[in-house]
Every structure is written in structure tokens, then in C-alpha cells.
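**Student:** please work out how this folds:
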Amino acid sequence: MADGAEGRHGYAAALRVPIVRRLVGATSASVIGDYLGVGALLVMAAERTGGSAVGAAGVFAAAVPMTVLVGTLGGPLLDRVRRVPSLVSLELLGALLICLPLLIDGVPVVYVTAALLAGQRTATGAIRQGVIAEGVSTSHRPALVALSNTIDQGAQVLGYLTGAAIYLAVSAEAALLLDAASFVLAALLLIGIRLPPRAEDTSDDGPPSFSTGLRTIVGQPVLRLFALLTVLTATAGALPETLAPTVVPDDDRLTPLLLAAAPLGQAVTIAILGRTRVVTRPWFQLGHLGVLATALLLAAAAPNATALVAANVAVGVGVAWILGPQLTFLRLTPPARMAQVTGLMWASIAVAEGGGSLLYGTLADHHGISAAYGAAGVLLTATAAVGAMIARRSPPVAALDRELVAEAAGSSV
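**Tutor:** Residues are numbered from 1 along each chain as shown. From the prediction side, this is the model:
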């Protein structure tokens, strides 16, 4: 690994490593800019469609096909390119894309911009995982991935509010140009990253192709299990945000709290877990998934909106279980295939999240908020139980757990 600092753990040790500092800084600038831009595009889409909520929703809808396209068909290319120059180029491309609505009038350009930025985000995220796999030591990955996730959750709230506020209070130009500047800053921070020579793809399951990511996941029992659990989790991952506007239709004072509760719970939990080693162990991850299932069932039983805010915080605590699978994928995926596997997972999660939001939203419309939370809780309770049964009978899961225990014991000596 490029940083050469195995054994030391935690945020302070990780941030002493130059590549970690640059990745954290670039990720911060990039994701804050992403949400600034999306917040502005949401307002712009609503304005250009005469105040239509469907018009604003189109910004999110436009992102799904491009995420799937880049994540699946673009996979082989993402692992062949030079990682750092490609990241820099993608950030600069983002700066150009976000300016398109300033140059062209009309509604279609807003949706085209949202779609292209979704593709840019997918490619950037996939290649960034490759940089982490090649350049960051195993001991520093939990802290880096936890920081990145925490920053993303915080930026989601801050960026949406700030982007929309700047758009409304100042101008569209100010909001979108600020986003463009964040992309440029991210590019500048990435320029100084140096990676070791890339390892060749020595896997014996055939040459890289559009199916490489899928073959890599299916061919590794631990990845196969946690990929399935992650995608099933994604069906309910956005449930609190999806249902928040409809909880108290005649009094929206609690809506901001309902929207922010789950991201807050997730951010705090990930920040705590990022300092630990236990988060990498498969059995801890399965137990944490059970926390999410329980939280969803508690939300279904919430007697009022105030209680639901607390339940949504608990849901966020449970959703934070995804930190463990991210680290598992970084550990077990060959670096030469990291971007392909990451792209496929992002695409699968986007489809699952979009389909799940639509399904649970329809269920809530017809049978109430509690029915939607309850259905999600039942699904993930069954998911956690089946996952535990499979893991108990899986020698690779047991072997990975023993390996991680041995590593933790060795580094503490």
C-alpha cells in the first residue's frame, strides 16, 4: 500500500497520511458541490415547469438510467483508465456540466444536466474506490470510508438547503457557479495523489468484460452474500425521506426534522464505528442489519410524528450498517476490478432504492405510514435472519472473521 502505515488505527492516524487527507478534502468539496447543484436544479426544474412537484421529481428520475448505464456498461473502462488523471478530469467535467442550464433555457436541459451529473458521480465514485483499494492501507480504510460517508450525509442536508436558498435569495448563476467552483477545488486536491504501480488482473474467471463486476461478486461467497443484503437494504434506505412529507399533511413543522433524522443517525453512527475494528467483521455487520430491521418495526409502531422523528434517527443508526459491507468489498475485491464492482453495486442500489421508494410510497398512500414501515421491517427482519443462516454455514465467512480477529490481536501487541 502507498501509505505504508499499517497497524495504526483511527481518524488521527489516517489523516496524517497525505493520500487520505487529499481524498477526504476532495470528497468533501465534491459532495457538497453535488448537493448544492441538485438543490438548485430542483428549484430550477420546479420553476421551469410552472411550480410542478413532478417537474422537480424529474431531477431524481433522470439520474437513475445514467447511474445504471455508467455503473454497468462503463465498468470495464473505469478499471482500465489511469485513476488519478481520470478523477481530475471527471471533476472538471462536472464543473462544465453544472453550467449547462445557465447557457441553455428550457426544462429538458435541467434533466439532461441531472442525468449527466449522475453519470459523472457514478464514475467518480467507482474510480475513487479503486484509488482507495490501491493506495490506502487496510488499517486506514475504516476511518477514510467512515469520514467520506459522514461528510456525504452532512452535505446532503447542508447542500440541499444552501443550494436552494442561494438560488432563491441570490440567483441561479450564483448557486450553480458555486457548485462549479467546488468541482474545480476537488480536482486541484486530487492532482497531488501518487499511486503505486497497478497490479495486473490475475483472476481466472475470464478476461474483463461488461459482466466482470457480476462475475467477481458471484464468484466470491462473502461478496455474494453481502451484495444481496446491501441491495435488499437499499429498498428501504430512503424510506424516512420518502414518507416524511406525508406524515403530517396539515402541519409541516416537523417535516424538516423527519427528513434530517435518519441522515443524522447514520452520520453519527458511522463516525463512531469508523474508529473501531469490529465494523469489518461479518457477524457484527449481520447484527447491525438486525438493528435496522428492528428500527423500522419501531417506526411502524410510532404513536405520533414526534415519536417517528426518534424512530427515524434509529433507522439511520441501522442504515449505517452499510459501512461494514463497503469495507468488506474493499478487502475482497481485486483492485484491478474495484471500479467495475463498485459501479455495478451503485447501479443495483439506485434501482433498488428507486423501486423501493415507489413501492413503499404506494403502500403508504393506500394503507398508511405504519404499513409501509412495517412491510420494510418485516422484509429486512427476514433478510437479516436468512443472511445469518447462510453465514453460519459458510466457511469463507468464518475464515474472514477469524482472519480479522487475528489481525486485530496482532496489531494490538
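**Student:** in stretch 387-403, which residues are buried?
**Tutor:** Of all the residues in stretch 387-403, those buried under the rule 16 or more other Cβ atoms under 10 Å are 387-388, 390-391, 394, 396-397, 400-401. The way it works is simple: take the backbone N, C-alpha and C, and place the C-beta from them, glycine included.
**Student:** what's the mean pLDDT across it?
**Tutor:** Stretch 387-403 carries an average pLDDT of 91.
**Student:** C-alpha coordinates for it, CSV please?
**Tutor:** What follows is stretch 387-403, C-alpha atoms only, in CSV (Å, rounded to 0.1, in the frame of the first residue of the first chain):
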residue,chain,number,x,y,z
GLY,A,387,-28.3,-13.8,5.9
ALA,A,388,-27.3,-15.1,9.4
MET,A,389,-28.3,-18.7,8.4
ILE,A,390,-26.2,-18.5,5.2
ALA,A,391,-23.2,-17.0,7.0
ARG,A,392,-23.3,-19.7,9.7
ARG,A,393,-23.0,-22.4,7.0
SER,A,394,-20.3,-20.5,5.0
PRO,A,395,-16.7,-21.5,5.6
PRO,A,396,-15.4,-18.3,3.8
VAL,A,397,-17.4,-16.1,6.2
ALA,A,398,-16.0,-17.9,9.2
ALA,A,399,-12.5,-17.8,7.7
LEU,A,400,-12.7,-14.0,7.1
ASP,A,401,-14.0,-13.5,10.7
ARG,A,402,-11.0,-15.4,12.1
GLU,A,403,-8.6,-13.5,9.9
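**Student:** what does that stretch rub up against?
**Tutor:** 220-222, 225, 228-229, 281-283, 286, 289, 328, 332 (Cβ atoms under 8 Å, 6 or more residues apart in numbering).
**Student:** can you tell me which of these end up in helices?
**Tutor:** Among the contacts of stretch 387-403, the ones falling in helices (DSSP state H) are 221-222, 225, 228-229, 282-283, 286, 289, 328, 332.
**Student:** low-confidence ranges in the stretch 201-350 of the chain?
**Tutor:** The stretch 201-350 of the chain contains residues with pLDDT under 70 at 201-210, 245, 248-254.
**Student:** now the helices for it?
**Tutor:** 212-218, 221-237, 239-247, 255-273, 282-300, 305-319, 323-332, 338-367 (DSSP state H, counting those that start in this stretch).
**Student:** so which of these is nearest residue 28?
**Tutor:** Closest to residue 28 of the helices of the stretch 201-350 of the chain, according to Cβ to Cβ: helix 255-273, at 13.4 Å.
**Student:** which positions in that closest one come out as buried?
**Tutor:** Buried, per 16+ other Cβ under 10 Å, within helix 255-273: 255, 257-271, 273.
**Student:** same deal with stretch 182-191?
**Tutor:** Neighbour-count burial for stretch 182-191 [16+ other Cβ under 10 Å]: 182-183, 185-190.
**Student:** before we move on, back to that, out of the contacts of stretch 387-403, who has the most neighbours?
**Tutor:** Most neighbours among the contacts of stretch 387-403, by other Cβ atoms under 10 Å: residue 289, with 28 neighbours.
**Student:** surely residue 15 is in contact with residue 25?
**Tutor:** No. Using Cβ atoms under 8 Å, residue 15 makes no contact with residue 25, being 10.1 Å away.
**Student:** now, which of the buried residues of stretch 182-191 sits nearest residue 132?
**Tutor:** For the buried residues of stretch 182-191, with residue 132 as the reference and Cβ to Cβ as the criterion, the closest is residue 190, at 12.7 Å.
**Student:** for that closest one, give me the pLDDT.
**Tutor:** 89.
**Student:** for it, give me its contacts.
**Tutor:** 22-23, 26, 84, 87-88, 91.
**Student:** show me the shaky parts of the stretch 1-150 of the chain.
**Tutor:** 1-9, 51-57, 75.
**Student:** and with 80 instead?
**Tutor:** Scanning the stretch 1-150 of the chain for pLDDT under 80 picks out the ranges 1-10, 32-40, 42-61, 73-80.
**Student:** can you show me the helices along it?
**Tutor:** Using DSSP H, counting those that start in this stretch, helices in the stretch 1-150 of the chain cover 11-15, 18-48, 53-72, 75-80, 83-97, 100-103, 108-135, 141-169.
**Student:** helix or strand right after the last one?
**Tutor:** What it means is helix 141-169. Using DSSP states H and E, the helix or strand that follows helix 141-169 in sequence is helix 172-190.
**Student:** contacts only, for the residue nearest the centre of the chain.
**Tutor:** Most central in the chain under Cα atoms, centre = their mean is residue 149, positioned 7.0 Å from the mean C-alpha point. Residue 149 makes contact with 266-267, 270, 274, 320, 322-323, 326 under the criterion Cβ under 8 Å, 6+ apart.
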